[in-house]
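In: Got a predicted model here, sequence first, then my questions.
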Amino acid sequence: MPMYKAATPPPLTVSEEQLKEFLMRFDTDNDGRLSWKEVVAAFKYAGQHFCHLKAAFSVYHSDQDANGFIDEDEMNEFVSSYS
């Protein structure tokens, strides 16, 4: 039995603006919107598990005009659900 207790890191707090900036770093085609693949890449980089499923769920629920992308207007709702 270990003689120590593993430390739990404090929760990370990120502002909505910081999260937007992080996500937009994955806008590889620089069109100002995020595709499902770009969201997967961001989630993978952040160390998330089940990235493909989480990205599909996130895009589905944030993509109000059903064009397959999270654009600037939809980004606000997307980010507010994670920050």
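Out: Looks like it came in fine. Numbering: from 1, shown residues only.

In: quick one: the helices in this protein?
Out: 16-24, 36-45, 51-62, 72-80 (DSSP state H).

In: looking at those helices, which is buried most?
Out: Comparing the helices of the chain by mean neighbour count (mean count of other Cβ atoms under 10 Å), helix 36-45 ranks first with a mean of 18. In short, each C-beta sits where N, CA and C put it, glycine included.

In: what's the angle between it and helix 51-62?
Out: Here helix 36-45 runs at an angle of 130 degrees relative to helix 51-62 (axes from the mean of the first three to the mean of the last three Cα atoms, to 10 degrees).

In: Format the CA atom coordinates belonging to helix 36-45 as PDB.
Out: The C-alpha coordinates for helix 36-45 follow below in PDB (Å, rounded to 0.1, in the frame of the first residue of the first chain):
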ATOM      1  CA  TRP A  36     -15.100  18.300 -37.700                       C
ATOM      2  CA  LYS A  37     -11.600  17.200 -38.500                       C
ATOM      3  CA  GLU A  38     -10.200  20.500 -37.100                       C
ATOM      4  CA  VAL A  39     -12.200  20.000 -33.900                       C
ATOM      5  CA  VAL A  40     -10.900  16.400 -33.600                       C
ATOM      6  CA  ALA A  41      -7.300  17.700 -33.900                       C
ATOM      7  CA  ALA A  42      -8.000  20.300 -31.200                       C
ATOM      8  CA  PHE A  43      -9.500  17.800 -28.800                       C
ATOM      9  CA  LYS A  44      -6.600  15.300 -29.500                       C
ATOM     10  CA  TYR A  45      -4.100  18.100 -28.800                       C
END
